[in-house]
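> for reference, the sequence and a predicted model appear below.
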Amino acid sequence: AAHGARVQYSVFEVTLPTKKAVQQLRGTLRKLIDRDEDQIRLYPLPATVLNELVILGDRRLEERADFWIV
């Protein structure tokens, strides 16, 4: 399973090393969601864009025990 950091209530950052890893995550998520109630959006970002990431504020991401990161 891939793991990501929870950025907001329903927003996670996940870094995947290969296209195969992306496909595996997509397959796993397809099995977990309720297609009528849920929606997951994957936004691929090239490394050049990630190198320009700007974070405003000092709040740290926190791990919580009441949710799963897949």
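Thanks, I have it.
> please make it C-alpha for all contacts and neighbour counts, starting now.
Will do.
> now do the strands in this structure.
5-8, 11-13 (DSSP state E).
> mean pLDDT for those strands: which is lowest?
For those, mean pLDDT drops lowest on strand 5-8, to a mean of 68.
> and whichever helix in the chain runs longest, how far out from the chain middle?
Assignment by DSSP state H gives helix 19-32 as the longest helix of the chain. Put simply, helix 19-32 sits 11 Å off its chain's centre (C-alpha atoms, centre = their mean, to the nearest Å).
> buried ones in that helix?
Val22, Leu25 (16 or more other C-alpha atoms under 10 Å).
> extract the C-alpha set from it and format it as CSV.
Only the C-alpha atoms of helix 19-32 are listed here, as CSV (Å, rounded to 0.1, in the frame of the first residue of the first chain):
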residue,chain,number,x,y,z
LYS,A,19,3.7,4.7,-13.0
LYS,A,20,3.2,1.1,-11.9
ALA,A,21,2.8,2.3,-8.3
VAL,A,22,0.2,4.8,-9.4
GLN,A,23,-1.7,2.1,-11.2
GLN,A,24,-1.6,-0.1,-8.1
LEU,A,25,-2.9,2.7,-5.9
ARG,A,26,-5.7,3.4,-8.4
GLY,A,27,-6.7,-0.2,-8.4
THR,A,28,-6.7,-0.4,-4.6
LEU,A,29,-8.8,2.8,-4.3
ARG,A,30,-11.3,1.6,-6.9
LYS,A,31,-11.9,-1.5,-4.7
LEU,A,32,-12.4,0.6,-1.6
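> by contact count, what packs against it?
If you count contacts as 3 or more C-alpha pairs under 8 Å, 6 or more residues apart in numbering; DSSP states H and E, helix 19-32 packs onto no helix or strand.
> what is the mean pLDDT for that helix?
Mean predicted lDDT for helix 19-32 stands at 92.
> with stretch 53-68 instead?
So the average pLDDT for stretch 53-68 ends up being 70.
> cool, and stretch 42-49?
Stretch 42-49 comes out at a mean pLDDT of 86.
> mind checking the end-to-end distance for it?
Terminal residues of stretch 42-49 are spaced 15 Å apart (C-alpha to C-alpha, to the nearest Å).
> kind regards, and thank you for your time.
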